[in-house]
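Novice: build me a structure from this.
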Amino acid sequence: MSQPTPISHSIDEQAIRVDLAAAFRLAVHFDWHESIANHFSAAVSDDGKTFLLNPKWKHFSTIKASELLKLHAEDTEAMNRPDAPEPSAWCIHGAIHAAIPHARILLHCHPPHATALSCLKDPSIKPIDQNTARFFNRLAIDLEFGGIADDEQEGKRIASVLGNHSIMMMGNHGVSVVAETVAEAFEHLYYLERAAKTMMLAYASGQPLSIMPDDLAEKTAQTWEVYSDSAFAHFDQLKQMLDKTDSSYRD
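Specialist: Numbers count the residues shown, from 1 in each chain. Here you go, the predicted structure:
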C-alpha cells in the first residue's frame, strides 16, 4: 500500500472541535468509553502536527469543544504545561501526528468486542459477512504490546506499525483508527466494533467459520468504498440525536 500524497486542507478549527467533541459523547452512547481513559485527536494544521486532544482525566460524557487541548507534536515542553495531556495520550497521539500526515483524525479506545478480539492469539478480522469483509486486507495488526504506552519509543513503535493503514488492531490493547475527517474516522470505529462483535459471536458458537474466498472478500471491501459518503450522513444524524438530549458538546 503506497503512502497517501500529502494534500492541502481547508481547516475550520471550530467545526473540527465540535465534531470531535461529538465523537466523545457518541462513544459513551455506544459504550466504547472506559473510565477517564482513552483519547481522540484531530489535526488542525496543514502538516497535521498541530492537533486537538481531550484534556487529562476528563470523562467522555462531559467533554466540550472549547475544552480540547491544542498541542504541537514536536513540542518538547508539552508535558510540562499546566494543562499537560495524559502521558499515554501524548505518547500515542503525539507520535502518530508527528509521523503520519494522513492521520488527520485519530480515535483510540478499547471498545468491548474489538478489545476482546485483540486479546486473541489471532486478532485478525475474517471476512464472514459484509461488515467483516469491509476490513479485508485493510488492517494493521500490532502483536508487540509493551505495556501502557507512556514513553517516546513506544509511541514511535505504534506509529510505525500503523504506517500507511487507517485501522489498527492493537494486540492485548484495543484499536486505533485514522481518517481525513471525524465522520469518516467514527464510521471506521463504528463498523470495526460491529465486525468484532460478529467475529466474537461466531467464535463463541464453536462452529467452523464460513470464510469468504479472497476475491469475494476483496470485491465486498471495494464495494464499501462506493458508499463512503454515508459516513457523513450517519455522523450528522448522530449529532442531531445528541442535540435533542444535550447539545453542550458544542460549547
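Novice: neighbours around residue 39, how many?
Specialist: By other CB atoms under 10 Å, the residues close to residue 39 number 23. Every residue, glycine included, has its C-beta placed from N, CA and C.
Novice: that one and residue 105 touch, don't they?
Specialist: No. Applying CB atoms under 8 Å, one finds residue 39 not in contact with residue 105, separated by 11.9 Å.
Novice: quick one: secondary structure of residue 84?
Specialist: Assigned state for residue 84: coil (three-state reduction, DSSP: H, G, I helix; E, B strand; the rest coil).
Novice: burial of it, as a residue count?
Specialist: Residues within reach of residue 84, counting by other CB under 10 Å, total 16.
Novice: now residue 29
Specialist: For residue 29, the count of nearby residues is 14 (other CB under 10 Å).
Novice: which pLDDT value belongs to it?
Specialist: pLDDT, residue 29: 97.
Novice: when you give positions from now on, start the count at 11
Specialist: Happy to do that; since the first residue is 11 now, the last one works out to residue 39.
Novice: how about it, what does it touch?
Specialist: By CB atoms under 8 Å, 6 or more residues apart in numbering, residue 39 lies in contact with 248, 251, 252.
Novice: now these: which count as buried?
Specialist: Buried subset of those (neighbour count, 16 or more other CB atoms under 10 Å): 248, 252.
Novice: distance to residue 75, pLDDT and secondary structure added to the contacts of residue 39, as CSV?
Specialist: As requested, the contacts of residue 39 are arranged in CSV below (distance: CB to CB, whole Å; pLDDT from 0 to 100; DSSP: H, G, I helix; E, B strand; the rest coil):
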residue, distance to residue 75, pLDDT, secondary structure
248, 16, 98, helix
251, 17, 97, helix
252, 12, 98, helix
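Novice: out of the contacts of residue 39, who's nearest residue 23?
Specialist: Closest to residue 23 out of the contacts of residue 39 is residue 252 (20.0 Å), distances taken as CB to CB.
Novice: my read: the closest one touches residue 32, true?
Specialist: Yes. Using CB under 8 Å, residue 252 is in contact with residue 32, at 6.0 Å.
Novice: I'd like the contacts of residue 39 as a markdown table, with distance to residue 68 appended.
Specialist: Listed next are the contacts of residue 39 as a markdown table, based on distance: CB to CB, whole Å:
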| residue | distance to residue 68 |
| --- | --- |
| 248 | 21 |
| 251 | 22 |
| 252 | 17 |
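Novice: of all the contacts of residue 39, which comes closest to residue 176?
Specialist: Nearest to residue 176, judged by CB to CB, of the contacts of residue 39 is residue 248 at 20.1 Å.
Novice: rewinding a little: need the residues touching each of residue 252 and residue 32.
Specialist: By CB under 8 Å, 6+ apart, the residues touching both residue 252 and residue 32 are residue 259.
Novice: now the strands for this protein?
Specialist: Per DSSP state E, the chain carries strands over the ranges 49-53, 60-63, 79-82, 115-119, 150-152, 177-180, 184-189.
Novice: now these in TSV, with distance to residue 167 and mean pLDDT?
Specialist: Output for those, formatted as TSV (distance: least, CB to CB, whole Å; pLDDT from 0 to 100):
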stretch	distance to residue 167	mean pLDDT
strand 49-53	17	98
strand 60-63	20	98
strand 79-82	20	97
strand 115-119	15	98
strand 150-152	8	97
strand 177-180	11	97
strand 184-189	13	98
